[in-house]
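Q: Show me how the following folds:
(one chain, ligands or ions: 1)
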Amino acid sequence: MVKNRKPIIAGNWKMYKTATEAVAFVRNLELSVAGMDDVEVVVCPPFNALVPVVEALRGSRIAVGAQNVHWEDQGAFTGEISPGMLKDAGCRYVIIGHSERRQFFGETDVNVNRKVKAVLQHGLTPVMCVGELIEERESGITEKVVRAQTEAGLAGLTAGQVAGMVIAYEPVWAIGTGKTASDADAQQVIGYIRGLVNQLFGGEVAAQVCIQYGGSVKPQNTASLMAQPDIDGALVGGASLDVESFTGIIKAAAGN
Ligand code: 13P
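A: From the prediction side, this is the model:
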């Protein structure tokens with residue numbers, strides 16, 4: 001099946017790499033992915049490296065994203081960063097509601113929704129993460145959990161806004177564990193999310209929205225995940241920290 005959505009492969013570096021390491025990495029990555037133009041490539045370094053990485057990638061087609069944001073434009077919010085600041089730094093994407101933020105930093109669906117709206121108002125693309133815990137999967141409530149997160153995160157958005165955004169389905173039990181969801185399981189939940197977008201915003205939006213899979217994506221499992229009809233790319237953690245493995249993933253995605 002030929003998909004008309006361009007796959008987006010995004011590297012979420014989490015709290016890894018100094019600015020110096022990040023710049024060296026993207027210089028190598030740029031050479032390594034030359035010609036793989038059928039895939040949108042995004043790197044999401046920690047905040048300290050955003051500006052140096054944007055500078056190093058000037059003129060390149062590799063985009064830069066942030067890993068978190070506050071919803072206010074400015075204010076007395078110690079330790080936070082605003083959408084306008086990320087825009088000014090040269091970011092194009094922002095990861096919102098990653099499960100590590102939900103688990104360790106108290107991120108709620110309400111705040112995810114505030115952040116998604118704020119980022120869109122600044123012309124940035126949100127990568128909104130949803131996904132169930134292992135206990136939730138085992139008790140058969142994966143769809144219920146993903147539905148609640150998706151509905152809350154997209155509340156109050158226009159159809160046009162949703163059409164241009166990215167949703168990342170990351171089952172929490174697959175993150176950093178080496179346990180990838182099977183192609184069929186990932187497709188089943190991502191197809192469900194697309195169906196939900198269809199119900200909420202209509203068929204045209206559902207056909208356009210990019211929905212990624214994330215959780216132990218590696219060069220070896222990328223092609224079969226990307227061959228699924230509803231999977232439009234990947235949000236990659238560990239394997240995005242190494243030029244060779246991240247390139248392998250991009251190459252495998254380019255083949256679909
Ligand atoms: P891993 O690829 O290391 O499992 O991490 C996935 C992830 O959390 C990407 O946001």
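Q: okay, the residue in the chain positioned nearest to the ligand: pLDDT?
A: Nearest residue of the chain to the ligand, counting by Cβ to the nearest ligand atom: G237, 2.2 Å away. Where C-beta positions appear, they are placed from N, C-alpha and C, glycine not excepted. pLDDT for G237: 98.
Q: Hmm, K14 and it touching each other?
A: Yes: using Cβ atoms under 8 Å, G237 is in contact with K14, at 6.2 Å.
Q: Neighbour count: the two, which is higher?
A: Comparing G237 with K14 by other Cβ atoms under 10 Å, the one with more neighbours is G237, at 21 against 18.
Q: just the strands in the stretch 151-256 of the chain please.
A: 166-169, 210-214, 233-236 (DSSP state E, counting those that start in this stretch).
Q: The longest one near the ligand anywhere?
A: Yes: figure legend: strand 210-214 in contact with the ligand (Cβ under 6 Å from any ligand atom); contacting residues G214.
Q: which other helices and strands contact that strand?
A: When contacts are defined as 3 or more Cβ pairs under 8 Å, 6 or more residues apart in numbering; DSSP states H and E, strand 210-214 sits against strand 8-12, strand 166-169, helix 183-201, strand 233-236.
Q: same for the last one, what does it pack against?
A: Taking 3+ Cβ pairs under 8 Å, 6+ apart as contact, the helices and strands that strand 233-236 lies on are strand 8-12, strand 210-214, helix 219-226, helix 243-254.
Q: Just the mean pLDDT for the second one, thanks.
A: For strand 210-214, mean pLDDT rounds to 98.
Q: What strands flank the strand or helix carrying V127, and is each parallel or antiparallel?
A: For V127, the host element (DSSP states H and E) is strand 125-130. When pairs are called by DSSP bridges, strand 125-130 turns out to pair with strand 93-96 (parallel), strand 166-169 (parallel).
Q: Which one, of those strands, ends up nearest to Q228?
A: Nearest to Q228 among the strands paired with strand 125-130 is strand 166-169; the distance by Cβ to Cβ comes to 11.3 Å.
Q: What lies in contact with that closest one?
A: Applying Cβ atoms under 8 Å, 6 or more residues apart in numbering, the external contacts of strand 166-169 come out as 8, 10, 93, 95, 125-131, 146, 150, 186, 189-190, 193, 197, 209-214, 233, 235.
Q: pretty sure M128 contacts I96?
A: Yes: between M128 and I96 there is a contact under Cβ under 8 Å: 5.1 Å.
Q: shared neighbours of these two, which are they?
A: Counting by Cβ under 8 Å, 6+ apart, the residues touching both M128 and I96 are V112, V116, G153.
Q: Check the average confidence over stretch 131-145, would you?
A: For stretch 131-145, mean pLDDT rounds to 97.
Q: Revised request: answer the last question for stretch 219-234.
A: On average, stretch 219-234 scores 97.
Q: Any idea how far apart the tips of that stretch sit?
A: For stretch 219-234, the first-to-last residue distance is 11 Å (Cα to Cα, to the nearest Å).
Q: contacting residues around the closest residue in space to G90 that isn't next to it in sequence?
A: Of all residues not flanking G90 in the chain, V54 sits nearest, at 3.4 Å (Cβ to Cβ, 6 or more residues apart in numbering). Applying Cβ under 8 Å, 6+ apart, we find V54 in contact with V64, A89, G90, C91.
Q: how much space is there between V54 and V26?
A: V54 sits 9 Å away from V26 when distances are taken as Cβ to Cβ, to the nearest Å.
Q: what do you get for L157?
A: For L157, the distance to V26 equals 31 Å [Cβ to Cβ].
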